[in-house]
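# fold the following, please.
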Amino acid sequence: MTVQSRAAEVIIIGGGLHGSSAALHLARVGVRALVIEKNYVGRHASGVNAGGVRTLSRHLAEVPLALASRELWYRIGELVDDDCGFEQHGQVRVAETAADADTLRTRLQTMTDHGYTHEQWITREDLLDLIPALAPTVHGGLIAREDAAADPYRTTLAFRTKAASLGAQFLEGVRVQGVEWRDGQWRVDTDAGVYTAPQVLNCAGAWADRIAAQWGEPVPLIPISPMMLVTLRMDHFLDPVVLGTGRALSFKQRTNGTVLIGGGRRAWVDRDAEWTELDFRSLAEGARTVVDLFPHMRDAIVNRGWAGIEAAMPDEIPVIGRSSRHETAFHAFGFSAHGFELGPIVGRIMADLITTGATDMPIAPFRIDRFSDAAQASGPSAKEQDK
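Presented below is the predicted three-dimensional model:
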């Protein structure tokens, strides 16, 4: 869409799921945002992740947001006029060993102690009844029966399309070069000129720390590149999403029969070049996990692999909320490879903060200034890998 004005009510930097969701929720209350995206909407993490609508095994700070967001997912068609490939078959975290089972029982007790009941123990027998293709050596697991999965790129595009239909504007292929407060407005300098707005939202993903640093809020963001594999089509054998415990794994079969294999294994990444390269040694380790849990996968044929670029934080939970230094600036980034499910609720939270100054969700753990001491003490991250 061609942007008719260089002035907006809110400028959102980054057109991934969270930026597009914020634009939609703002548009729903009559605030027209301008989303500036350096590539195209969904180019990186938002469009190429595993698509898990997962409350299972969330960090405790994220659980209230995940449960609230799942409620929005149940009605996703009402929100964006598209079902986004949403399928609700549950998610299960499998215990391969007795040690895994102990880990999961400890987790379950923690959840019970905090009043959460959406995670439940599933016995070995019930697990094998649910997923007969699993190796019979499993020890049971944790299950969130109301969890689900969706198509990530389709979802991000649906949020963008619905937001645009309600008046949000999207400027794609334009890079933000600087953001500063000047003369009562945020001035956003881009390679296509200057745009201004009284409020600005940083949803820049793996590049968000550079925006935050310009506002005097350095953070120890780590660019990561989670890898995914997909097989050729196979006969149906799996409905729930299967997660590992002692070994990294995210495993699901899609409606077309292909099998999607992830688990957070990381490619090499250069965020400046927007370049990734798959680590085939690590992928081979993941394949061994798959075969151990699903022996028939030994005959599966991998069709392709890929990796997106995402922002991870040292404590593995995101930055969500108002800037600690500027009343009219906001952040939503650093989802550490598990932000897809949170997209609908984070957009609503940001719209509430921008329009009313408050939210009914508990976002204090995600404040940006929790990193202030650590960020100043650390130099460039050693974990940003160059080949």
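# so where is the protein shaky, pLDDT-wise?
Scanning the chain for pLDDT under 70 picks out 1-5, 373-387.
# mind doing that once more with 50?
Across the chain, residues meeting the criterion (pLDDT under 50) sit at 1-2, 374-387.
# grab the longest helix from it for me.
Across the chain, the longest stretch assigned as helix under DSSP state H is helix 98-113.
# and for Ala312, the neighbour number?
Other residues near Ala312 come to 23 when the count uses other CB atoms under 10 Å. From N, CA and C alone the C-beta is placed, and that goes for glycine too.
# re the thing from before, off-centre distance for the longest helix of the chain?
Its chain's C-alpha centre and that of helix 98-113 lie 25 Å apart, by CA atoms, centre = their mean, to the nearest Å.
# hang on, Glu146 packs against Gln88?
Yes. Using CB atoms under 8 Å, Glu146 is in contact with Gln88, at 6.9 Å.
# all helices for this protein, in order.
17-28, 45-48, 63-74, 76-80, 98-113, 124-130, 152-165, 208-214, 280-293, 343-356, 372-377.
# looking at these, which is nearest to His331?
His331 lies closest to helix 208-214 among the helices of the chain, at 6.6 Å (CB to CB).
# would you mark the buried spots in the closest one?
By 16 or more other CB atoms under 10 Å, the buried positions in helix 208-214 come out as 208-212, 214.
# hmm, who's touching that helix?
13-14, 176, 178-180, 202, 204, 218-221, 311, 319, 331, 333-334, 368 (CB atoms under 8 Å, 6 or more residues apart in numbering).
# list only those of those flagged as buried.
13-14, 176, 179, 202, 204, 218-221, 311, 319, 331, 333-334, 368.
# max pairwise distance over the residues you listed: which two?
Pairwise distances across the buried ones among the contacts of helix 208-214 peak at 21.2 Å for Val176 and Pro220 (criterion: CB to CB).
# report the central residue of the protein.
Gly339 (2.0 Å; CA atoms, centre = their mean).
# so it sits against Val319, correct?
No. Using CB under 8 Å, Gly339 is not in contact with Val319, being 11.0 Å away.
# need the overlap of contacts for the two.
Counting by CB under 8 Å, 6+ apart, Gly339 and Val319 have no contacts in common.
# as a check, name the ranges of all strands in the stretch 151-300 of the chain.
169-172, 176-182, 185-190, 193-197, 199-202, 222-224, 227-231, 241-243, 250-253, 259-262, 268-270, 275-277 (DSSP state E, counting those that start in this stretch).
# send the alpha carbons of the longest one over as CSV?
The C-alpha atoms that make up strand 176-182 are tabulated as CSV, following Å, rounded to 0.1, in the frame of the first residue of the first chain:
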residue,chain,number,x,y,z
VAL,A,176,14.7,2.5,9.5
GLN,A,177,18.0,4.2,10.0
GLY,A,178,17.3,6.3,13.1
VAL,A,179,14.6,7.1,15.6
GLU,A,180,14.7,10.2,17.8
TRP,A,181,12.4,12.5,19.8
ARG,A,182,12.4,16.0,18.3
